[in-house]
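A.B. asks: Structural data only, the sequence is not supplied:
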């Protein structure tokens, strides 16, 4: 019986395969470029790139002189992440 085996918390039904570049909409290319990732990147790569850039451009982490620019870039990164997540259905 398999009830006695614990296979961990991995949920393979929610696993997303990378999207081939041919299926990526032309409207999404600026979002991939904003995050600095390839169009065939998977959900994990998108999330990793978002977190890295969100920390880099977070307004509270930047000096007063560059706070407006950082805030603008932070909003761009968040918008790109939201659009790509919605496209992948995550």
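C.D. replies: Okay, I see it. No experiment lies behind these values; they were computed from the predicted model shown.
A.B. asks: now the helices for the protein?
C.D. replies: Along the chain, the segments classed as helices by DSSP state H run 29-35, 43-57, 67-88.
A.B. asks: Pull out the buried positions in the second one.
C.D. replies: Same thing as helix 43-57. Neighbour-count burial for helix 43-57, counted by 16 or more other CB atoms under 10 Å, picks out 43, 46-47, 49-50, 53, 57. The C-beta positions use only the backbone N, C-alpha and C, and glycine is treated the same way.
A.B. asks: Do you know the pLDDT at residue 21?
C.D. replies: Predicted confidence (pLDDT) at residue 21: the value is 53.
A.B. asks: ok, now residue 88?
C.D. replies: Listed pLDDT for residue 88 reads 85.
A.B. asks: cool, residue 69 as well?
C.D. replies: If you check residue 69, the pLDDT there is 90.
A.B. asks: So it versus residue 62, what's the distance?
C.D. replies: 8 Å (CB to CB, to the nearest Å).
A.B. asks: Same drill for these two, tell me which one is more crowded.
C.D. replies: Shown here are residue 69 and residue 62; by other CB atoms under 10 Å, residue 62 has more neighbours (17 against 12).
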